[in-house]
Structures are given as C-alpha cells and as structure tokens.
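Participant: okay, predicted coordinates and the sequence, questions at the end:
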Amino acid sequence: MSLINKMLQDLDARGTPDGRGDAAGIRSVPERERGVSRALVFGGAAGLTAAAIALGWVYLKRPAVPPVLVSVASTPVLVPVPAPAPAVVVAPVPVPVVAAEPEPVFQAEEAAPAPAKLRAADMRRITQQAVKPAGAPVVKTAASAVSERIIDGKQVTPQQRVENEYRRALAQLQDGRVSDAMLALQQTLQLDPRHQGARETLVRLLLEAQRPDEAARQLQLSLALDPKQPAQAMMLARLQLDKANGGAAALDTLMRSLPYAADSGEYHAFLAGVLQREQRYREAAEHYQLALQAVPDNSVWWMGLGIALQADNHPAQARQAFERAKGLQTLSPQLQAFVERKLVQLTAATAK
C-alpha cells in the first residue's frame, strides 16, 4: 500500500507547478482529465493487487505438490507391509518342529488367520503358498496320531482276538484258501486250545487232505484238555482202529469219554462194536442192550447183539436178536442174507 500512496503523491505533485495542491488549482483542471488519472490509479492498484494475489496463490499452491508426493509416497507405506509378511511366512516354518508337541492342532489354528490379513494379490498368493505346505503336515500328523491312539487305546479281550482269528479262518475257507485257513485255525487254537469249532474244522480239513495222523493228534490234544466230548472221542477211535493193533487205543479213548455219553445210544453201540472186535463179547452185549434201550428199532444193533450173544454162548438169546433184526426189514440185502444164515445155524444147533 506504500507504493500506492507514493504514486498518488507523485500524481498530486504533477498537478501544480510548485508542488502544492490548492483548491483553485484543482478546480482549473478539467473533470475529464481528472477522472482519467484516477481511473489509471485505481486500475494500476487493482492490477498490482491482482498480481499480488496471483503470486500469493501460486506461492500457496506450490506447497500443495508435496501432499501429492506424500500421497504417492503412500506406496512406500506398502513396502513396510511386506516386512511383516516374511514374519508371517516364517511363522509356519517352525510348525514341523511344533508338530512333535502334544497339541499341533493349535499351531495350525493360529497360523490360519494370517492370510486373511493380507489382501494384496501377490502377498495373498505368497502367503497361501507358504501356509499350505506347513498346514498339511500338521493335519496329517494329528490325524495319524489320533488313529494310532484309537488303535492303541482300543481294548480287545483275548476272547475277541480268538473269535476274530476264527472268523478270518472261515472267510479264507469260503474263498477256497484251505492252506491259509488251516494256518488261521492253528493260530486260533494257540490263542484258545479249547475252541471246539476251530478244532473240529481243522480236523475235518486234515482228513480231507489225507492227513489222518495230524487229525488224530489234534483230537488227542482236544480230549486231553476236555474229555467231555463224545463225538471227538468216537472220531479219534475210528482213526485209531484204522491202524494195526489200534483196537486197544480206540477202546481206551472211548472208555475215557464214556461217563459223558451215558444217554447216547450211538456211543454205546460204537463201544460195543470195539469191544466185540477185542473179543470182549459179554461187555459188547451189555452195551448193545444199552444202545437198543435208546433206539429200539435199529436193526443193525440187533444184529450186533445177536453176534455178541452167540459168541458168548447164548444161542437162544442170539436167535431172538437175529429174528428181531430180520423182522424190522431195514437191513441191506447183504446184511439180511447174513442174518438169515445165522438163523439157519442157530436153528440147526438147537435141533441137535
């Protein structure tokens, strides 16, 4: 504003020769000339003011560039973001070491939210690539540990082990794997020597495989543990009778299990046949009679009783037994002819 005042003073000095501005001098100046000078003054002042304002605006506008740079420099702000990214990537690296700890699942749960914090495409890809390999071993290790704990923690009783092995043997037998089934049955018997189902199945397979000695050995082991098995005793006695001079062994086997087969007509009849083979006719006749008390209409047993009575010098009783056997008419043609010959012999002996 001092510049404007100086310009006004200069203009005023120029208006009078002596530099004074009295009223008369001023009135002598024409209104047009006076108006023009003021317009110039005010125009110049306005121009200077506008120039000052423009310079001030430019000056004030120039500092606005740094904020632009600062906003652009916000991209370096992303540079610190990758700085924690290595920490996130490195964090899962110790996971294989932590996997040996009792609770590896918690490590996986803590590492899982890390990718969600990084929204940039590149950082998300890197994080996912880093987290997935680390997470996979943890999950696998936890699953395997749980499965091992379930298997190890499962209580299996000895009886369940026996039954599982026996079922496995039967399944192998159904598949036609006879050798494997035999091994499984033997394993079952090692776990439980008193398992009668496994024993009898193994004996049957051994007999079908033409291995009677091994079958007899299995039956002997079974009867030694438990003689209350008349069926196995009869089976063993038959195998023993097939050997030379095996009658005594068969008779011993049958006598051991006799107390547990008192009500079995078949057992008494089989024992009677063995006694008759050993020429112990009186005892044979007694057991035939016991057998016929259980099954009175068995023609073969009547014929056996007749043979034992005839050999024990009881012809009359023997003839009655033969007649009863013939009268039932259930004998085979060969046995029927045998009984008829015996009747003829006894009739002739009685006639004398």
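Facilitator: Now that the structure is in, tell me what you want to look at. Numbering: from 1, shown residues only.
Participant: now Y267: closest residue in space that isn't a chain neighbour?
Facilitator: In this structure, Y267 finds its nearest non-sequential neighbour in A261, 3.8 Å apart by C-beta to C-beta, 6 or more residues apart in numbering. Just so you know, the C-beta spots here come from the backbone N, C-alpha and C atoms, and that holds for glycine as well.
Participant: meant to ask about P212
Facilitator: Nearest-residue entry for P212: L239, 5.4 Å, with adjacent residues in sequence omitted and distances by C-beta to C-beta, 6+ apart.
Participant: can you report how many residues neighbour A308?
Facilitator: 27 (other C-beta atoms under 10 Å).
Participant: quick check, pLDDT for the residue nearest to Y267.
Facilitator: The model reports A261 with a pLDDT of 93.
Participant: so where is the stretch 51-200 of the chain shaky, pLDDT-wise?
Facilitator: Of all residues in the stretch 51-200 of the chain, those with pLDDT under 70 make up the ranges 57-153.
Participant: one more time with 90, if that's ok
Facilitator: 51-159, 196 (pLDDT under 90).
Participant: the stretch 251-352 of the chain now?
Facilitator: Residue ranges of the stretch 251-352 of the chain with pLDDT under 90: 262, 347-352.
Participant: what about the helices in it?
Facilitator: Taking DSSP state H, counting those that start in this stretch as the criterion, the stretch 251-352 of the chain carries its helices at 265-277, 281-294, 299-311, 315-328, 333-351.
Participant: show me the contacts for Q310.
Facilitator: Applying C-beta atoms under 8 Å, 6 or more residues apart in numbering, one finds that Q310 lies in contact with 318, 342, 346.
Participant: please disregard the earlier target; I meant L219.
Facilitator: 199, 203, 232, 235-236, 239.
Participant: which helix or which strand is home to it?
Facilitator: Taking DSSP states H and E as the definition, L219 sits inside helix 212-225.
Participant: and that helix, what's buried?
Facilitator: 212, 215-216, 218-220, 222-223 (16 or more other C-beta atoms under 10 Å).
Participant: what about A325, distance to L189?
Facilitator: Relative to L189, A325 is positioned 43 Å away (C-beta to C-beta, to the nearest Å).
Participant: which one's more surrounded, those two?
Facilitator: Between A325 and L189, A325 has the larger neighbour count (other C-beta under 10 Å), namely 27 against 20.
Participant: pretty sure the more buried one sits against W302.
Facilitator: Yes - the pair A325 and W302 qualifies as a contact (C-beta atoms under 8 Å) at a distance of 3.8 Å.
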